[in-house]
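# I'll drop the sequence and a predicted model, then ask my questions.
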Amino acid sequence: MSEDIDVELEQEVAVFYQSFGINQGPGDIQYRLILKVLENKDPGITEFSDIRKYTDQFADRGSIGSKMKTVFQLEGLVKKVKRGGYVITNKGLMAASFLKNTTTFYKKTKKMGEIIERMP
């Protein structure tokens, strides 16, 4: 599966969830982007440089590398297959599916808000 990642939309969704006090998972732009990139490369190997193409504007390289080790590998969302190469696991695909659901909820909520604003 190969699709472009809408970084602006992902940032909007992260900010939406942060407004509820959710800073991890759906409220973490780095987490969202990393999972999107990993999911787009399924079943292939995702290179660290592929991830950095999207995350560089939000975090430095050390931050993303640390997140890969302390969150993604530790929680079993990815498997490191070589230096700088990762493969998403089934658990990671489930997390990516959850993020899709959070994006859908955001879009519905935003649309409903726009409808309510137009009501007399």
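Good, I have the coordinates.
# for the residue lying closest to Asp42 once chain neighbours are set aside, what are its contacts?
Spatial nearest neighbour of Asp42, excluding adjacent residues (Cβ to Cβ, 6 or more residues apart in numbering): Ile88 at 5.2 Å. (Glycine included, C-beta is placed from N, CA and C.) Ile88 makes contacts with 35, 38-39, 41-42, 46, 77-78, 96, as judged by Cβ atoms under 8 Å, 6 or more residues apart in numbering.
# Max pairwise distance over those: which two?
Within these, Lys41 and Leu77 form the most distant pair, 13.3 Å apart (Cβ to Cβ).
# neighbour count winner among those two?
Neighbour comparison, Lys41 and Leu77: the larger count goes to Leu77, with 23 against 19 (by other Cβ atoms under 10 Å).
# Tell me which helix or strand the closest residue in space to the more buried one that isn't next to it in sequence sits in.
Nearest non-adjacent residue to Leu77, counting by Cβ to Cβ, 6+ apart: Gly92, 3.7 Å away. Applying DSSP states H and E as the criterion places Gly92 in helix 90-118.
# which strands and helices sit next to the helix-or-strand element of the chain with minimal mean pLDDT?
Using mean pLDDT, DSSP states H and E, the weakest-scoring helix or strand in the chain turns out to be helix 61-67, at a mean of 86. Helix 61-67 sits against helix 29-40, helix 48-55, with contacts defined as 3 or more Cβ pairs under 8 Å, 6 or more residues apart in numbering; DSSP states H and E.
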